[in-house]
Every structure is written in C-alpha cells, then in structure tokens.
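Student: Give me a model of this one.
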Amino acid sequence: MTYQWNPRELAALVALPAGVADRTLKLAGPTQLKVLIWFARQGKFDAAACGAAIGASPADCADAIRFWVEAGILVAEGTPDPLPRQVTVLPPPVPAAETVQKPARPQLPQVLERQRTDPDFAYLIKTAEERLGRPVTPGEMESFLYINQNLGLPAEVILMMLVDALKRGKLKVPSAFRSYLEKMAVSWSDQGILTVAAAEKELCRRERLEELREKLQTLFSLNRTPTLLQAEAALKWFDEWGFSDGVVTVAYERCREKTGGFNASYVTRILESWHEEGITDPEAARQALAPAKKPAGKPLMSEETDGGQKDAYEQAVADWRPVYKKKGKKA
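Tutor: Got it, this is the predicted structure:
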C-alpha cells in the first residue's frame, strides 16, 4: 500500500531541516522529536509551554532542545554562522522502477514453526526466558524472530543485546521490546554489528559512554546528566586525544565564560586546536587562552640604561656660555 499527503493538510506546512531525517532519526527519541516539531510550529522555545503541549515535563523538554543543539540542528539565537549556506529545498526521492519489498513482520504461526525447526532459535527463546525470569510473550517472540530473520542478527548477539537492556532497566514495560530492543537491533544491523566480537566492542563503547556521562556531570558540576551526543564528544577528548581532566576542565571553563553553559561542540573546537598545537598541560592551556600582552614601550631615558648620559648633558648645559657677536665684526 502506498500513501501520500492529504491535500487539505498541505495548506499550512511546518518545515524541518533535511538533516533531521538524514542524520538524527536513529538517535532521536519520541520526546525529542515531539519537542522539535512543536518548536518548528511555534518558532520559539518555552519549556513550560512545550511540556504542556506534548505531555512532558519542562526539564525533559529542555533536555530535548539540548539534544538538537548538540546535533547541530538548532543554534542559540545570535550565534553567527561561520559558513553561510544557501537554503536548498530537496525534491522528494524518485521511486525506483522496481522496489524491493522488505520481508513482512513475522507472525506467531511462523514463530512457532521456526522454534520447532531451528535449534538456534529455540535456544534463543529458552535462554531469553531464563534471563527474563518468566515465559516469553507471543509479541516478544515475534520481536526475536524479526530481529533474527529480518535484521540478520544471530541468536548470540540478540542475547547480548537482551542482557545489556535488562542491566540498564530498559525492558520494564511490555512495549519495550519494540520501542527499545528492536530499535537497537535496527541500528546494529545498519552498522554491520552482526558478530559476537563486534557486539562486544559496541557494548564496551556504550558502557564507556555511560561512564563519561557520569564523569562530565561530576567534573563540571552539572545539574543534569550530559546527553549521549555530549558523551560521544568526550570520547574523543579523553580516549582519542588523551587529554587529562585538568586540560578538559580549562576548556570547559572558557566555554562557560563565553556561552554561559556546557556546549560540547565549543569545547571540542578548543581542545582540537590544543591537540594540534601539542598542549597537554593545564597551565599551558591557560596561557594559550590568555590575551596577548603588548610589549612595553622603551623609556626615553632611565637611570639604569643611559650610561651617565643624563649627567653629562646636565653638566654641558651648566658650562655653556653664549658668545655674542657685534654686527659687522668677526668674533
């Protein structure tokens, strides 16, 4: 079945940057998308009004706006654009002559047949029940087969995802298998994380991001836990560039002085320049931020540098006697 916009609804449009669809759909959550759509309609942001409109708390709305700022979709009012660009309206994609149909979502009869005929899938269901401490529901079984069959993740990788989600407390409601586990599986499938080794590497990276979120909150004395995008930036600061806590703190202090808060992109620009210059010490970092001092002007004459010239000049003035000449006569 194909769909198109209702012509009546096209009388009034809400525009969104193409980058929302191209770069952030995998990372953005429901609240973040709702806040962005509300902002696009209003043209300004008010956390309380936004929360009342979408049914979320003002704090969650403020966090969502921070997500879009860190993603580069929004900027604070008055921020200059270093690279002005001409706005381009992208045409809708031209449908291919032959569209490849994706496999339909598995239904319970298919799940039961697969469980009966595939030892690996049967092992997945049995082990999942042990991890969950309860029988797997039909809907959850469909999710497992969808991830395994349609997305291509093997049973061992799916179990690793399940254990990680349970550890993080992400599967407390029945709908979480679709809203969290399947979303995570889609992301892994797109990134090619289809082996146990690749899954272990990704889970270690996710664990590191959570550590960095806590570290940044403590290091900078932040009121809220930083976003995953901010933690991604910190991964570059600490693990790729190897900066110490002290140097990163100096960069954050300059960021807070100039922007009034924590902007990971701003801190990254500072640290990137220090990385290129080889600055690794907090004191050297402070000196790099200090304004350049103008060289002091050379004094016209000083007691220490004139070498006695001042005394000689004063003595010459005292000894000088004017010579008067009479008109018409030589001296």
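Student: from here on, contacts and neighbour counts on C-alpha atoms
Tutor: Will do.
Student: ranges for the helices of the stretch 151-300 of the chain?
Tutor: Applying DSSP state H, counting those that start in this stretch to the stretch 151-300 of the chain gives helices spanning 155-167, 176, 183-191, 196-219, 228-235, 245-259, 264-277, 282-289.
Student: low pLDDT regions in the protein?
Tutor: The model of the chain has pLDDT under 70 over residues 1, 7, 10-11, 26, 78-102, 292-331.
Student: Outline the domain layout of it.
Tutor: Domain assignment for the chain by automatic domain parsing gives 12-70, 108-194, 206-289.
Student: Export those domains as TSV, with columns for distance to Ala76 and mean neighbour count.
Tutor: TSV is the format used below for the domains of the chain (distance: least, Cα to Cα, whole Å; neighbours: other Cα atoms under 10 Å):
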stretch	distance to Ala76	mean neighbour count
domain 12-70	8	16
domain 108-194	30	16
domain 206-289	9	16
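Student: Could you export the ones you listed as a markdown table, including distance to Thr2?
Tutor: A markdown table is the format used below for these (distance: least, Cα to Cα, whole Å):
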| stretch | distance to Thr2 |
| --- | --- |
| domain 12-70 | 20 |
| domain 108-194 | 21 |
| domain 206-289 | 35 |
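Student: Show me the one of those that comes nearest Trp5.
Tutor: Shortest distance between Trp5 and these, using Cα to Cα, is found for domain 12-70: 11.2 Å.
Student: Show the end-to-end separation of that closest one, please.
Tutor: Its start and end residues considered, domain 12-70 measures 29 Å (Cα to Cα, to the nearest Å).
Student: Which one, of the domains of the chain, ends up nearest to Glu200?
Tutor: Glu200 lies closest to domain 108-194 among the domains of the chain, at 8.2 Å (Cα to Cα).
Student: ok, and the closest non-adjacent residue to Ala233?
Tutor: In space, Ala233 comes closest to Ala264 once its chain neighbours are excluded; the distance is 6.5 Å by Cα to Cα, 6 or more residues apart in numbering.
Student: got it, and Gln230?
Tutor: Nearest residue to Gln230 in three dimensions, chain neighbours excluded: Ala264, at 5.6 Å (Cα to Cα, 6+ apart).
Student: give the contact list for the one you found.
Tutor: Neighbouring residues of Ala264 by Cα atoms under 8 Å, 6 or more residues apart in numbering: Glu70, Gln230, Ala233, Ala234.
Student: Next: Ala234.
Tutor: Counting by Cα under 8 Å, 6+ apart, Ala234 makes contact with Leu212, Ala264.
Student: TSV for the helices of the stretch 151-300 of the chain, including distance to Gly139?
Tutor: Listed next are the helices of the stretch 151-300 of the chain as TSV, based on distance: least, Cα to Cα, whole Å:
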stretch	distance to Gly139
helix 155-167	15
helix 176	11
helix 183-191	15
helix 196-219	24
helix 228-235	29
helix 245-259	46
helix 264-277	40
helix 282-289	55
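Student: between those, which one is nearest to Ala21?
Tutor: Evaluated with Cα to Cα, the helices of the stretch 151-300 of the chain place helix 183-191 nearest to Ala21, the distance being 14.7 Å.
Student: now that closest one and helix 196-219, what's the angle there?
Tutor: With axes from the mean of the first three to the mean of the last three Cα atoms, to 10 degrees applied, the angle from helix 183-191 to helix 196-219 works out at 120 degrees.
Student: Kindly calculate the angle that helix 183-191 makes with helix 155-167.
Tutor: Counting by the same axes, to 10 degrees, helix 183-191 lies at 140 degrees to helix 155-167.
Student: Could the C-alpha coordinates of helix 183-191 be exported in PDB?
Tutor: C-alpha atoms of helix 183-191 as PDB (Å, rounded to 0.1, in the frame of the first residue of the first chain):
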ATOM      1  CA  LYS A 183      15.300   0.000  17.600                       C
ATOM      2  CA  MET A 184      18.700  -1.000  19.000                       C
ATOM      3  CA  ALA A 185      18.800  -4.000  16.600                       C
ATOM      4  CA  VAL A 186      18.000  -1.900  13.600                       C
ATOM      5  CA  SER A 187      20.900   0.400  14.500                       C
ATOM      6  CA  TRP A 188      23.200  -2.600  14.900                       C
ATOM      7  CA  SER A 189      22.100  -4.100  11.600                       C
ATOM      8  CA  ASP A 190      22.700  -0.800   9.800                       C
ATOM      9  CA  GLN A 191      26.200  -0.600  11.300                       C
END
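Student: can you list the residues that contact that helix?
Tutor: Residues outside helix 183-191 that contact it (Cα under 8 Å, 6+ apart): Lys26, Ile147, Leu151, Gly152, Leu153, Leu194.
Student: okay but the fourth one is in contact with Leu194, surely?
Tutor: Yes: with contact defined as Cα atoms under 8 Å, Gly152 and Leu194 form a contacting pair (7.1 Å).
Student: Nothing else from me, thank you.
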